[in-house]
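> Fold the following.
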Amino acid sequence: MNARVSIIGASALGAPGIGREEVWKGMKTSRNSPNLRRYEMYDGTTINFPVYEMPPLDLKAWLARAERRWIEQEGLDKDPDFVFMLVAALLAIDEACLSKAELSKSALVIGHENPGINPFIDKILQSQNHMLQQGVSPLTSFEQHKQDIFRLQTFPYLFYLAKLLGIQGVSYITNNACASGLYAMELGRQIIQQGQAESVVVVCADYVHATEYLWLGDKGFHSPRQILKPFDSERDGSVLGDGAAAIVMTSPEKANAGGRELGTYLGGAFQQDGWNLSLPNVASHSYSSVISRAMQHSNLKELDLLIPHGTGMQMWDAYEVAEIARAFADLNMPLPQMTALKGYFGHTLGANTLLEIVCMLESMEQGVIPPAANYSSHHFKIDLPMTTRWESRSIKTAVKCVSAFGGFLAAGVFEKN
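Below is the predicted model:
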């Protein structure tokens, strides 16, 4: 199956730093623990919750004055999700060295769980003129908030981001929960394969909002000790983190002509498990099937690195280990070397898969596997080849897999030429 596309630009933003190099450096030197974020509501009450926080972003460093003024007029400078996406896309495009003419013919794919929702929620929870106050007519309330309500339709994000980036090709937005990054990449691959665009910019982001923290608390998501320990015997839950990433993909022919390639996306396998919104179907073995099909479709006979989802949640990590072991047993292959990255970034929700793919590409380029942060030992019955120190190793093939809320299952295969 000749499904491959080339990756010619990539960026990562998260708690360790801004930009791929800074993130990699921060993973080696920064402490792997969250800060407390404070969210104040209109009645003075506050929510304090742990977050792996991204360093502040100043748009003056990224945009000309006229562009900043336009963003401010549209209120987008107050939307961290949009700012994250914009900066991530600009960094990846800069590395890809796309000209304005090339960029104008490119496609855009956004992966995001809730574009536009957080500014709207802020108006409800933080504004003194909140829409739920008594004595205000429904139409008056609507007039106060109609712009934020309008943006809930999600298509404005495509318009705003494409306009600022100078992209005039086909554009899409997708929401597949934690698997959004791989679904967005697969959509981008298909765009290139079908000849709809020569290059595709894929970008994902997530700013941790208080309401995400509250909603996930009902699902048994959070670590009471506020430490994220993927696959560790002492894991007790996850911790949220700010994050964003972008990738620029193109055809292998165009990449070869330009003399630049970070890696190759060979394609993947995807499946919808419609059993439960926030729990995996442990009896269907759909996840192991997705992993093995991705390997088979790519004709890989061996694998150098596997980066699983690794949320730090007791049941999810155990389920994931069992499915990974089953997949490689079905393939008659040994378990590959593994690592888990959420201990560096927190769980960045809709951004996490693409963010970890960018780190995987950096790992392949550097020939080094980072250790699973906050991991020391496990209690699984199988011999889990988890990386526990910075390990130099030639990495020519790698897989990123994810089992997400909503039953979204995905595995993508990558190669370094």
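
> got the buried residues for the one helix or strand Leu91 maps to?
Remark: Leu91 resides in helix 80-96, with elements defined by DSSP states H and E. Across helix 80-96, burial judged by 16 or more other C-beta atoms under 10 Å covers 80-93, 95-96. Bear in mind the C-beta positions are built from the backbone N, C-alpha and C, glycine included.

> what's near enough to touch the spatially most central residue of the chain?
In the chain, the residue lying closest to the centroid (C-alpha atoms, centre = their mean) is Ala351, at 2.0 Å. Neighbouring residues of Ala351 by C-beta atoms under 8 Å, 6 or more residues apart in numbering: 84, 111, 180-181, 204-206, 243-245.

> what's the answer for Pro224, then?
236-237.

> what do you get for the one 4 residues further on?
Applying C-beta under 8 Å, 6+ apart to Leu228 gives the contacts 32, 235, 237-239, 311-312, 342-343, 346-347, 373-374.

> Narrow the residues you listed to those in strands?
Using DSSP state E, no member of those falls in strands.

> just those now: which is nearest Ile382?
Closest approach between those and Ile382, by C-beta to C-beta: Arg235, at 16.5 Å.

> Give the burial count for the closest one, as a bare number.
25 (other C-beta atoms under 10 Å).

> ok, now Ile173?
Ile173: 18 neighbours (other C-beta under 10 Å).

> can you pull the contacts of it?
Ile173 neighbours (C-beta under 8 Å, 6+ apart): 109-112, 115, 154-155, 157-158.

> again, only using 7 Å
Taking C-beta atoms under 7 Å, 6 or more residues apart in numbering as the criterion, Ile173 is in contact with 110, 112, 115, 154, 157-158.

> try Leu277
405-406.

> can you give me phi and psi for it?
phi -60, psi -40 (degrees, to the nearest 10).

> do the one 3 residues further on as well
Summarising the backbone geometry of Pro280 under the convention degrees, to the nearest 10, its torsions are phi -80, psi 150.

> tell me, how many neighbours does the residue lying closest to it once chain neighbours are set aside end up with?
Leaving aside its sequence neighbours, Pro280 sits nearest to Tyr319 (C-beta to C-beta, 6 or more residues apart in numbering; 5.2 Å). Per other C-beta under 10 Å, the neighbour tally for Tyr319 reads 18.

> what separates Met386 from Val239, distance-wise?
Separation of Met386 from Val239 (C-beta to C-beta, to the nearest Å) stands at 19 Å.

> more neighbours, the two?
Applying other C-beta under 10 Å to Met386 and Val239 shows that Val239 carries more neighbours, namely 28 against 23.

> what sits against the more buried one?
34, 50, 52, 223, 226-228, 346-347.

> can you do 8 Å?
By C-beta under 8 Å, 6+ apart, the neighbours of Val239 are 34, 50-52, 222-223, 226-228, 312, 346-347.

> got it, and Arg393?
Taking C-beta under 8 Å, 6+ apart as the test, what Arg393 contacts is 304-305, 337, 367-369.

> In contact with Pro252: list those residues for me.
4-6, 261, 264.

> what distance separates the next helix or strand after the helix holding Leu91 from the centre of its chain?
For helix 80-96, the following helix or strand on the C-terminal side (DSSP H and E) is helix 100-104. Mean-position distance between helix 100-104 and its chain equals 25 Å (C-alpha atoms, centre = their mean, to the nearest Å).

> helices and strands around the next helix or strand after helix 100-104, which ones?
Where DSSP H and E defines the elements, the next helix or strand beyond helix 100-104 is strand 107-111. Under the contact criterion of 3 or more C-beta pairs under 8 Å, 6 or more residues apart in numbering; DSSP states H and E, strand 107-111 touches helix 155-165, strand 171-174, helix 180-193, strand 199-206.

> Quick check: mean pLDDT of the shortest one?
The average pLDDT for strand 171-174 rounds to 98.

> Sheet-wise, list the partners of that strand with their directions.
strand 107-111 (parallel) (DSSP bridges).

> what angle do the partner strand and strand 199-206 make?
20 degrees (axes from the mean of the first three to the mean of the last three C-alpha atoms, to 10 degrees).

> Check the secondary structure at the residue nearest to the centre of the chain for me.
helix (DSSP: H, G, I helix; E, B strand; the rest coil).

> cool, and Glu320?
Applying three-state DSSP: Glu320 is helix.

> show me what contacts Pro385?
Pro385 touches 335-338, counting by C-beta under 8 Å, 6+ apart.
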